[in-house]
Structures are given as C-alpha cells and as structure tokens.
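**Q** how does the following fold in three dimensions:
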Amino acid sequence: MIFLSFCLFLFLFTLIGFLSVLKKKNTTQDYLLANQEIKPWLGAISAIATSNSGYMFIGQIGFTYVYGLQSVWLMFGLIFGDFISSLFVHKSLRKKSEELKVFSFANLVSKWHGKNYKYVQLFGGFIIIIFLSTYAAAQLNAGSKSMHILFGLDYRLGAIIGGIIVSLYCFSGGIRASIWTDAAQSFVMIVAMLLMVVFGVKEIGGFSIFINELHKISPDYMRWFPSTNFSEFFLAPFMFITGWFFSGVGVIGQPHVMVRFMTIDNTKNIPKTRIYYYTWYTLFYSLTICAAFVARLLIPEINNFDPELALPTLALNLLPEFFVGVVLAGIFAATMSTADSQILACTASITNDLSLNKKNNYLVNKFVTLIVTIFVVTIAINENKNVFNLVLMSWSTLACCFSPLIIVNSLKYKVSEFLSLMMMIVPLITLLIWRHYELSSFIYEVAPGILSGILTFFIFKPFRKRNLS
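**A** Residues are numbered from 1 along each chain as shown. Below is the predicted model:
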C-alpha cells in the first residue's frame, strides 16, 4: 500500500504537468515564461515549492531537533530578509522582464538599463549553468536516497525516475508544467507535514503533554536564547539572525525562484502574489518546526538520529500505510519541485545567455532541456563527493553574485557594465575567502558576500546619479 500510494501521487504530478499542454503555446516565451499569464496564487505557491527544497526542510528539521526553539530565529531571519527585499525587487523584476522582452534571469540583469551588457550576461549565464545544474543533481540524489532507504531500490534508480518524470512534463509544457506541478507538490508537502504533526502530537498524548515533554528535554531546549552570558545571549544570536536575514535577502539572486515572479500575469498583481507567498511560507516553516519537535520526542536517541531520515522514520512508525506513501511523495516532491525549476533555468541560460538559440527557436529550448536533464541525472547517479561539496556553495554563490546588482538596479541607480561585473565578482571572491577561512561560524557567508557587492558599488560609484527611468 505504501508503494502504491507513493506511485499514485507521482503519477498525479506527471499528469498535472501533461495537462498544462492544453494551455501551452509553441513559443519560447511560453516555454520559458508561461507567456507571463500565471495567476498570483499559483506563482506564489510554485515559488515556495521551488525555494523550499528537500534540503530546506531536512536541514530545518535537523537544526530544530538539536537546538530547539531557537531555530525560530532562523525562520524569522529568512522570511524577514526575503520580505524586505521583495518590497522593492519583485515588482521591478516583473516590470523590466516585460519591457525588455527577455526570457532568462541573467539576460534580464544584463539588459536592465536598456543596453546589452554582454559580459555580464555571459558571466551570469555560466554561474547559473554551473551551480544550478549541480544543485539540481543534488535534489535528485536526495530524493533517490529516500527511495533507497524505504523501498530498498538502487539509489541510482530514484534519481533516474525523478529525472524521467521531470523531463516528461518539462519537455511537454515548459515552465507552465513546472509551475502547475510545483503547486500540486506544494500542497502534498504541506499535507505531509500536517499529518506528521497531528498524528505525532496524538501519539505523545495531546498538546499539553507535548509541550511539557519538550521542556523536559533540557533547560535550554525551549528557550528563545539558551545562554545567560551577555556576549552569547546578545551578540551570537544577533550575528546568527543577521546572517540568515541576508540569506533571506539572497532569495532574489536565485534564478529558479525569481523567474516565478517574472511569469505573473500583471505587474499590479505582485502585492497580491506577496500575500500568498508569505502566508504559505510561514505556514510551511511553522509546520516544519513542529514536525521537528515531534521527531525529537519520538526519536530521542540523538546520537543515532539521522535528520535526513526524520520524516520517513516518523511516517513508518506513526501513520497508516496510505499516508506513509503521501509523506514519501511529499519528500520526493520537494526534490523534484526544485530540480525541475533549476533545469529550466539552466535551459534558459544555455539558449539565451550563451547565445546558442539566437532565433529563439521553440524546439531548440525543448532539446536543450532534455540534454540538461541527462547531464543532471548523470551527476546525481555518480554521486561524486567533490561535486557535491560544490553544491554547498551553489545557493550562496547565486545569492552573492546576483543580489547586490539586483538591489542597486531595483533602487533605480545607473550601473555601468564594468561596475556590474565588479559587483558580481567581488562577492564571489569574498564568499570563497569566507569559506576558506571557515568564518561562517561567526556569520553566515551570504551576509559578507552581499555587503561586499553593495560596498563595491559605493566605492566605484562615488558620483552616482539616479536613473529616473
């Protein structure tokens, strides 16, 4: 029954992707931007599913399991940073994408001021292709790990299955298929987390007992701040929150997420999209933290606990078999909803940013999608550890390279091509130095990366003028 319900939901995801064909148009704009006619609620939920990958809530569950209530600050920093940047970026991004008639994220950044900054587009395109393809491979690998653990399947088979499903609906309907399936997968992810919390609290004995047991774990587990030492009580949490605040700001540098806002049907609907986005974001994150608390109580052997297996382990112990399949489908969906978006973002960069499809041929985009998927699956099944060390840098690199430039552009400052390149290269160098000297324990690397990019602007542009266009 578990395998049956799991396969049922995978079939539904694929079917939903195929149904998008009914609305598709055989154009590059439709394939890569859904003709910019996606409804606000649909675009918002898709963006959440895309950004909250398997790694996202696996990591959050693991952190909450170990550190307790203070993980709320990670949630606060991420969402608040994301929200602040959205106030002046999302609307500008959507407006510019329509005005400039661009189909890729790097192309938008390079043509923001009406001129074509070819070196910015080329550099940005290479960054996207290298890091997003590797990141997508990690997503498929994470999904295949769950299938290997629970069904005993060869770990390579899960990555291949995920790659086939993603390529089928992306090839058929492009980003529209990706957005439709993302929305369906997002609902399954929410239901999966809700099932874990409801059944878990019931198993523990009710909400009151649940809270009491959490307080018994350790004196610090349910405290907002665990230490009474001033430097640890104030400075460490402040640096932690600041680091994750900039991580939230860094969402605007993620091509696979921001392209969702480029597809919204009207610039005027961006505020409405924002409401859906942050409501769903907060709900999902809150359920994730609650599920981690349930895991901490029901799987108390902290030394033997693998956070990556928290959800499937709890599901097997708590839920009826059909719902176990739902949870497993939710985990697998989390990986696919990110991988499909990243594959399409790579497609857009290859065909547009590297100028391999100057005539914007629709069929060329579809062919490139298949090639990218095969490449991503190949990386995933080889499980090259050196490659996957690079994955740890993927999100941070994209955030640091693109966010400072997008922030300055959205604030209507005129930036030259040379300065644009410097605002991408300096944060990348800062990130590499920060990681080399292992300074992320002091403050998360995205913060100094983004700040160095903005500082570069003020150093090299002392007599800047606002671009009032």
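
**Q** quick one: low-confidence ranges for the chain?
**A** Counting by pLDDT under 70, the chain has low-confidence residues at 53-58, 226-234, 301-308, 357-358, 383-392, 463-469.

**Q** what ranges does it have for its strands?
**A** Using DSSP state E, the chain contains no strands.

**Q** need the longest helix for it.
**A** helix 155-204 (DSSP state H).

**Q** and the gap between residue 361 and residue 28?
**A** 7 Å (C-beta to C-beta, to the nearest Å). C-beta here means a position set from N, CA and C on the backbone, and glycine is covered the same way.

**Q** the more surrounded of the two?
**A** residue 28 (22 against 12; other C-beta atoms under 10 Å).

**Q** what separation do you get for the more buried one and residue 348?
**A** 9 Å.

**Q** between the two, which contacts overlap?
**A** By the contact definition C-beta atoms under 8 Å, 6 or more residues apart in numbering, residue 28 and residue 348 are jointly contacted by 103, 365.

**Q** the residue most central in space within the chain: what's it in contact with?
**A** With distances taken as C-alpha atoms, centre = their mean, residue 51 lies nearest the centre of the chain, 2.2 Å away. Residue 51 makes contact with 251, 254, 257, 338, according to C-beta under 8 Å, 6+ apart.

**Q** kindly recompute the last result at 6 Å.
**A** residue 257 (C-beta atoms under 6 Å, 6 or more residues apart in numbering).

**Q** apart from its neighbours in sequence, what residue is nearest residue 196?
**A** Nearest residue to residue 196, sequence neighbours excluded (C-beta to C-beta, 6 or more residues apart in numbering): residue 291, at 4.6 Å.

**Q** swap in residue 310?
**A** Closest to residue 310 by C-beta to C-beta, 6+ apart is residue 295, at 4.4 Å.

**Q** measure how buried the one you found is and give me the count.
**A** 23.

**Q** now residue 272
**A** Using other C-beta under 10 Å, residue 272 has 16 other residues around it.

**Q** contacting residues around it?
**A** So residue 272 contacts residue 40 (C-beta under 6 Å, 6+ apart).

**Q** just the one 5 residues further on next, same as before
**A** By C-beta under 6 Å, 6+ apart, the residues touching residue 277 are 44, 47.

**Q** any idea how far it is from residue 454?
**A** 24 Å.

**Q** try residue 340
**A** 32 Å.

**Q** of those two, who's got more company?
**A** Comparing residue 340 with residue 454 by neighbour count (other C-beta under 10 Å), the higher total belongs to residue 340, at 33 against 17.

**Q** so who does that one touch?
**A** Applying C-beta under 6 Å, 6+ apart, the residues near residue 340 are 166, 170, 178.

**Q** what's the closest non-adjacent residue to the first one?
**A** Okay, so that is residue 166. residue 340 (4.5 Å).

**Q** can you check residue 354 too?
**A** Take residue 354 and drop its neighbours on the chain: the residue closest to it by C-beta to C-beta, 6+ apart is residue 125, 5.5 Å away.

**Q** burial check on the one you found, number of neighbours?
**A** 25.

**Q** I'd assumed residue 349 was in contact with it.
**A** Yes. Assessed by C-beta atoms under 6 Å, residue 125 is found in contact with residue 349 at 4.3 Å.

**Q** shared neighbours of these two, which are they?
**A** residue 106.

**Q** residue contacts, the closest residue to residue 121 other than its chain neighbours?
**A** Distances taken as C-beta to C-beta, 6+ apart put residue 110 closest to residue 121, at 3.6 Å, once the chain neighbours are dropped. Applying C-beta under 6 Å, 6+ apart, we find residue 110 in contact with 117, 120-121.

**Q** equivalent analysis for residue 419, please.
**A** residue 460.

**Q** look up how far residue 19 lies from it.
**A** 46 Å.

**Q** one more: residue 245?
**A** Taking C-beta to C-beta, one finds residue 245 at 39 Å from residue 19.
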